[in-house]
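> here is the input, now give the coordinates:
(chains A and B)
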Amino acid sequence: MTFSGNRNTEKLLRAWILLLTLPLTGLFAAAAIGIHRAFWLPGLLTAGGGGWLTARYPRRFAETLKGAFDGQLLQAHMGVFVSRTVFITRRSLRNFELLAPPLHRRCGCRTLLLRFAGGTVVLPFLPAQQAGELFRAFQAEEKT
Amino acid sequence: MKQTRPHASFLPAEMSRQWYLFLLPVGRLLLHRVWSQIPPVSPADVLPAAWIVARAILRFRHCRYLLCPHALTVRQGILLRRTLYLPLRDAATAACEQTPLLRLCGGMRLRIGTAGLRRKTDASLYLSARQAQARLPLRRRDASPAYRAKIWPVLLLAFSGSNAAVGLLAIAPALHRIGSLPGRAVEPALTALLQASAWPFLLRQSGRLLMLGWLYSFCRSICRTANLKAWQEGTHLRISGGLFTRRTIWINAHRITALEIRQTLLMRLFRLQTVVITAAGYGRDAGTRPVLIPAAGRRQTAAALDRLLGNFPVCRSLLRPVLRECPRYLAAPLCLLAGGVPLTLRLPGRIGTTLCALLCVFCLWWLAVRFSGYRTAGFGLSRRAVSVRYCRGLALYEIHIPREVADAVIITRTPRQRRLGLCGVEVRSFGEKRRRYRVPSLPYDAVRLLLSK
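Predicted structure coming up:
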């Protein structure tokens, strides 16, 4: 089976970026009004950066997030600035976890945590249906 | 079967963990001779020692072992009572230790570890030397060891591997405690001293401290690795050694997940190598490190590894970093040299020139390590093993991991690497210290081709 990012991934990522940048911009604006006007500069930078990230980053991330699982080997590719390709064999997985926080559920996404003896690999912001299928595929392999 | 109490050596061993607290009254008396403002006796110094003794007695009273042929049960704890059940078939390692104090009391500490995810050894038992010898084959005279440490390589290893900072960290609690002894009484005297001649005093003292740390680290390294021998006993490796604290460790060879060959620059010049294994259930406690061969020449290492781990899979053909990435390996020491020299030369007097000379020596040493690292780095994959060679800090590493325990391979590409067709490869496998093995600047297409096979 294969998986890849879609509109839901973009939506969730956009929501996260806004959630992080809007309060920070507000904080800098408040500091600029209340403490010193020099705080306008980081405020404007945060707002501009947040805007640019919201417009560009989610789509690029969704395009790069893709992978496949053939029953033995999971291969996943992700990352915009620094790209990562992960190869994990099913046999090496000790446990796996499907995360569905409220914002993820709202946007129809899930995050999959794959734990093996040497650490953890996170497959973030997968579309809910694909994440569920991947999770069930891991479970099916476990049973066999 | 009947439950047994730990051997009486449990008490001194438990108390000796914070041995420096017993020196507080002595330290105060000594300081009283120098600074008469300090009172010679204080109840505050006796209280910690009394607490340690009381706690050790209480823990001794509440501790019980039940050692059956198939399992071990340990009950312990004063407030939080724990009962640990450990099936012996799951035991990955067993280590028998005898510190000078335990030897004096006729006891031994047996540590049993499993491949769990705990941060410490699963069970520590205190047995009498006779009981331990009855249960474990401690004395073995029938076979010659596959490896026996020689004194000169071990001295060289201790010389090159000892680190002043590590030594200082190890003795920091004791120094801190002794340092807090004088309290407010000597504060004015110290302040006056610092104001009178702050710089020379501070430099002299920090120099002495660093020397002390290095000496401590050097002695500790020798004490651990001197007289080390290794045998193969069926499916187990048996490693025994130590100068004052004698350790005998049994490690299930099937649970070895990585073989690490390490070289510092000085050891490389003398063609010596250190071999360390990663084994499930061993190496979690402070001071325990599964060193198989502390320092030996290539031939001796190869001969010993053939006898000890003859079937351990190794990959010989490696993908090398591309030639044009050599400057990237050398960039960090060169940048430090270029930035640090003008800065240190601005400092006044001899301090600046001394620091500059030290910085130059360090940078040149680091440069040589990085260049050797570039020449040896590589990543290889065969049917049975994954092998990685890289440099980290001031040492060169060669890692061999059986393919079935290599959990994940991660290829990382920065925008620059994407442009140049390069990538970094990281191999992850089980290890008690959670180490990552990473090789930068490999040709991307060749790596993909290797992984697709």
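> flag every residue of chain A that's near chain B.
A:81-89, A:91-92, A:116-119, A:121 (Cβ under 8 Å from any Cβ of the partner chain). The way it works is simple: take the backbone N, C-alpha and C, and place the C-beta from them, glycine included.
> what about B:Asn75, how many residues close to it?
I think there's a mix-up here, since residue B:75 is Arg and not Asn. Other residues near B:Arg75 come to 14 when the count uses other Cβ atoms under 10 Å in any protein chain shown.
> lowest pLDDT pick from the residues of chain A next to chain B?
Least confident by pLDDT among the residues of chain A next to chain B: that is A:Gly118, with 70.
> how deep is the closest residue to that one other than its chain neighbours tucked in, by neighbour count?
Counting by Cβ to Cβ, 6 or more residues apart in numbering or on different chains, A:Gly118 lies nearest to B:Arg428, which is 3.7 Å off, once chain neighbours are set aside. Neighbour count of B:Arg428, defined by other Cβ under 10 Å: 25.
> what does A:Ala117 give?
By other Cβ under 10 Å, 19 other residues sit near A:Ala117.
> wait, it sits on B:Ala408?
No. Between A:Ala117 and B:Ala408 there is no contact under Cβ atoms under 8 Å: 9.9 Å.
> shared neighbours, these two?
Common contacts of A:Ala117 and B:Ala408 (Cβ atoms under 8 Å, 6 or more residues apart in numbering or on different chains): A:Ser92.
> for chain A, what spans make up the strands?
For chain A, strands defined by DSSP state E occupy the ranges A:2-4, A:66-69, A:73-78, A:83-89, A:93-99, A:109-116, A:119-127.
> lowest average pLDDT across these?
Across those, strand A:93-99 has the smallest mean pLDDT, namely a mean of 80.
> what about dumping the CA coordinates of that strand to PDB?
Coordinates of each C-alpha in strand A:93-99 appear next as PDB, following Å, rounded to 0.1, in the frame of the first residue of the first chain:
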ATOM      1  CA  LEU A  93       9.000  -2.500  14.900                       C
ATOM      2  CA  ARG A  94       8.400  -3.000  18.600                       C
ATOM      3  CA  ASN A  95       5.200  -1.100  18.800                       C
ATOM      4  CA  PHE A  96       3.300   1.500  16.800                       C
ATOM      5  CA  GLU A  97       0.900   4.200  17.900                       C
ATOM      6  CA  LEU A  98      -1.700   6.200  16.100                       C
ATOM      7  CA  LEU A  99      -2.200   9.700  17.500                       C
END
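> and for B:Leu47, the neighbour number?
The number of residues packed near B:Leu47 is 12, by other Cβ under 10 Å.
> now do the strands in the stretch 251-400 of chain B.
Here the stretch 251-400 of chain B has its strands, by DSSP state E, counting those that start in this stretch, at B:256-264, B:272-279, B:291-297, B:378-381, B:385-392, B:395-402.
> including mean pLDDT, mean neighbour count and distance to chain A, could the ones you listed go into a markdown table?
Listed next are the strands of the stretch 251-400 of chain B as a markdown table, based on pLDDT from 0 to 100; neighbours: other Cβ atoms under 10 Å in any protein chain shown; distance: least, Cβ to the nearest Cβ, whole Å:
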| stretch | mean pLDDT | mean neighbour count | distance to chain A |
| --- | --- | --- | --- |
| strand B:256-264 | 87 | 21 | 8 |
| strand B:272-279 | 87 | 23 | 10 |
| strand B:291-297 | 86 | 24 | 21 |
| strand B:378-381 | 89 | 22 | 11 |
| strand B:385-392 | 89 | 21 | 11 |
| strand B:395-402 | 89 | 22 | 10 |
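> pretty sure B:Arg403 contacts B:Val409?
No. With contacts counted by Cβ under 8 Å, B:Arg403 stays clear of B:Val409, the gap being 10.5 Å.
> now do the shared contacts for these two.
B:Val386.
> out of these two, which sits in the busier spot?
Shown here are B:Arg403 and B:Val409; by other Cβ under 10 Å, B:Val409 has more neighbours (22 against 15).
> confirm that that one sits in a strand.
Yes. If the criterion is DSSP: H, G, I helix; E, B strand; the rest coil, then B:Val409 is within a strand.
> tell me who's in contact with the closest residue to it other than its chain neighbours.
Leaving aside its chain neighbours, B:Val409 sits nearest to A:Phe87 (4.6 Å; criterion: Cβ to Cβ, 6+ apart). Each residue near A:Phe87 by Cβ under 8 Å, 6+ apart is listed here: A:Leu73, A:Leu74, A:Gln75, B:Ala408, B:Val409, B:Ile410, B:Ile411, B:Leu451.
> likewise for A:Gln72?
The contact partners of A:Gln72, by Cβ under 8 Å, 6+ apart, come to A:Thr89, A:Arg90, A:Arg91.
> can you lay out those as TSV showing neighbour count?
As requested, the contacts of A:Gln72 are exported to TSV (neighbours: other Cβ atoms under 10 Å in any protein chain shown):
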residue	neighbour count
A:Thr89	16
A:Arg90	17
A:Arg91	12
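> any chance of those residues in JSON lines, plus distance to A:Ile35?
Below are the contacts of A:Gln72 laid out as JSON lines (distance: Cβ to Cβ, whole Å):
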{"residue": "A:Thr89", "distance to A:Ile35": "55"}
{"residue": "A:Arg90", "distance to A:Ile35": "55"}
{"residue": "A:Arg91", "distance to A:Ile35": "57"}
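> now flag whichever of the residues you listed is closest to B:Val322.
A:Thr89 (28.5 Å; Cβ to Cβ).
> so what's that closest one up against?
When contacts are counted by Cβ under 8 Å, 6+ apart, A:Thr89 is found next to A:Gln72, A:Leu73, A:Leu74, B:Asp407.
> redo the strands of the stretch 251-400 of chain B as TSV? Include distance to A:Ala47.
Formatted as TSV, the strands of the stretch 251-400 of chain B follow (distance: least, Cβ to Cβ, whole Å):
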stretch	distance to A:Ala47
strand B:256-264	48
strand B:272-279	49
strand B:291-297	55
strand B:378-381	43
strand B:385-392	41
strand B:395-402	46
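> between the ones you listed, which one is closest to A:Pro42.
Comparing the strands of the stretch 251-400 of chain B under Cβ to Cβ, the one sitting nearest is strand B:385-392, at 36.0 Å.
> just the helices in the stretch 51-200 of chain B please.
Listed in chain order, the helices of the stretch 51-200 of chain B (DSSP state H, counting those that start in this stretch) span B:100-105, B:129-135, B:151-161, B:164-179, B:187-196, B:198-225.
> number of nearby residues for B:Leu319?
18.
> dig out what it forms beta bridges with.
B:Phe379 (DSSP bridges).
> can you check B:Pro443 too?
Listed by DSSP bridges, the beta-bridge partners for B:Pro443 are B:Leu422.
> any idea how far chain A is from it?
With distances taken as Cβ to the nearest Cβ, to the nearest Å, B:Pro443 is found 15 Å from chain A.
> tell me the pLDDT at that residue?
So, for B:Pro443, pLDDT stands at 89.
> looks like it contacts B:Val322 (just checking).
Yes. The criterion here is Cβ under 8 Å, and B:Pro443 meets it with B:Val322 at 5.8 Å.
> spit out the residues that contact the two alike.
B:Leu422.
> those two: which has the busier surroundings?
Legend: neighbour count by other Cβ under 10 Å for B:Pro443 and B:Val322, higher for B:Pro443 (18 against 15).
> before we move on, back to that, so which of the residues of chain A next to chain B is the most crowded?
A:Gly118 (25 neighbours).
> for A:Ala32, which non-adjacent residue is closest in space?
Nearest one to A:Ala32, counting by Cβ to Cβ, 6+ apart, is A:Phe39 at 3.8 Å.
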